[in-house]
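# Generate coordinates for the sequence data below:
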Amino acid sequence: MAGCAVELKNKQPAQELAQEVQPAGSVYTGWRVFQDRCAACHGPNALGTAKAPDLLPKVREMSERRFVGLVLKRYDWNLAPHQPRPDGAALDQLVGQIMQRQGPVVIMPAWQGEPRVTARITDLFAYLSARSQDQQGLGRPVP
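Reported below is the predicted structural model:
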């Protein structure tokens, strides 16, 4: 039985693409996403600012699944810690108030509609997890 061999003549485009696309869980790619979408509020090293909290203690105790759910779907309403988070009719009422600029300020957006975040959410977790576990220092990670 004869075998079939395929020879690729032009390997350069595939190699370039492989270099551009980091594997899931890339700390470097996560850092790039963080700088693009999160650093303006949480600071360049995720240590927090006057606008948003230090993420490292929160991520340190969080599973990847929980992180993904919170980042993609969570709106952090500017409510006191003892107040329950609204749902159902209460959520609808709160959304209406916010849309009329009468309710609390929405602090953190949900990122589920942002392809640069959703496509690299595991990378974002890898970066923040590495920072929170002291496996990644300040500044840019090595690609």
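
# average model confidence for the helix or strand Val71 falls within?
For Val71, the host element (DSSP states H and E) is helix 64-73. What helix 64-73 shows for mean pLDDT is 82.

# where does the chain dip in pLDDT?
For the chain, the stretches with pLDDT under 70 are 1-24, 74-88, 90-92, 94-110.

# Next up, identify which helix or strand Phe125 is on.
Secondary structure from DSSP H and E places Phe125 in helix 121-132.

# quick one: contacts of that helix?
22, 24-31, 33-34, 38, 45-46, 55-57, 59-60, 64, 67-68, 71-72, 111, 117, 135-136, 141 (CB atoms under 8 Å, 6 or more residues apart in numbering). All C-beta spots, glycine's among them, are computed from the backbone N, C-alpha and C.

# about what we covered before: buried stuff in the helix holding Val71?
Phe67, Val68, Leu70, Val71 (16 or more other CB atoms under 10 Å).

# Show the contacting residues for the second one.
Counting by CB under 8 Å, 6+ apart, Val68 touches Ile121, Thr122, Phe125.

# Repeat that for the last one.
Listed by CB under 8 Å, 6+ apart, the contact partners of Val71 are Ala110, Trp111, Val117, Ile121, Leu124.

# and what of the third one?
By CB under 8 Å, 6+ apart, the contact list for Leu70 reads Met62.

# ok, it to Val27 distance?
20 Å (CB to CB, to the nearest Å).

# Which helix or which strand is home to the closest residue to Val142 other than its chain neighbours?
Among residues not flanking Val142 along the chain, Tyr28 sits closest, at 6.8 Å (CB to CB, 6 or more residues apart in numbering). Using DSSP H and E, Tyr28 maps to helix 27-37.

# Could you list the buried residues of the next helix or strand after that helix?
Per DSSP H and E, the first helix or strand lying C-terminal to helix 27-37 is helix 39-42. Neighbour-count burial for helix 39-42, counted by 16+ other CB under 10 Å, picks out Ala39, Cys41, His42.
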